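**Student:** Build me a model:
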Amino acid sequence: MHISAKADYATRALLELACEPTRPLTCEAIASSQQIPFRFLKSVVGELRKAGLVRSQRGCEGGYWLGRPATEITLLDVARAVDGELISLRGEPLTGLVYPGPAAGLPEVWQRIEADAAAVLSRATLASLMPVGAGGRLPREGAA
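**Tutor:** The predicted structure is shown next:
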């Protein structure tokens, strides 16, 4: 499996925003705090904005805020916003994948891995990833 830099940077940026819900943060501030390349982050934040995960305000008092509460943004939302398909095979989605002969069962394994990864990512909200002192914890398997 591969976790893209875009998904990692997007999640880290959203966590920064979740820690500062009362004031907007600039891309410069987030990039500096998380040691993310500014130009790359600017592009990623644009994708998050299009997906409704962040909202923005222009001007000297401007910046970015979360588009929804941290309890309602999952890592699955983030990954799909910046990467599209959660898992792909040679750049193609796993749906409709068919192999002949002895490999016929393999597509089901790849699809199961994708489903399991989606289940884990859908349980992990930004709020659950916040520092424990702020009430965040990764839900255990089977917890809703």
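**Student:** what's the spacing between S33 and L66?
**Tutor:** To L66, S33 is 16 Å away according to C-beta to C-beta, to the nearest Å. Backbone N, C-alpha and C define where each C-beta goes, glycine included.
**Student:** now D83
**Tutor:** 19 Å.
**Student:** now swap in A119 and tell me
**Tutor:** Distance, A119 to L66, using C-beta to C-beta: 23 Å.
**Student:** neighbour-wise, which of the two wins?
**Tutor:** For A119 and L66, the more surrounded residue by other C-beta atoms under 10 Å is L66, and the numbers stand at 19 against 12.
**Student:** helix/strand/coil for the most centrally placed residue in the chain?
**Tutor:** What sits nearest the mean C-alpha location of the chain, by C-alpha atoms, centre = their mean, is V78, with 2.4 Å. What DSSP: H, G, I helix; E, B strand; the rest coil gives for V78 is helix.
**Student:** need the helix or strand of the chain with the lowest average pLDDT.
**Tutor:** When the helices and strands of the chain are scored by mean pLDDT, DSSP states H and E, strand 92-93 comes last with a mean of 84.
**Student:** right, and the helix or strand after that one?
**Tutor:** Beyond strand 92-93 on the C-terminal side, the first helix or strand identified by DSSP states H and E is helix 106-123.
**Student:** and the next element down the chain from that following helix?
**Tutor:** On the C-terminal side of helix 106-123, the closest following helix or strand by DSSP H and E is helix 126-129.
**Student:** how about that following helix as CSV, C-alpha atoms only?
**Tutor:** Extracted as CSV, the C-alpha positions of helix 126-129 are listed here (Å, rounded to 0.1, in the frame of the first residue of the first chain):
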residue,chain,number,x,y,z
LEU,A,126,-9.8,14.6,12.7
ALA,A,127,-11.1,14.9,16.2
SER,A,128,-10.0,11.4,17.1
LEU,A,129,-6.5,12.2,16.0
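**Student:** Use 240 as the first number from now on
**Tutor:** From this message on, residue numbering opens at 240, which makes the last subject helix 365-368.
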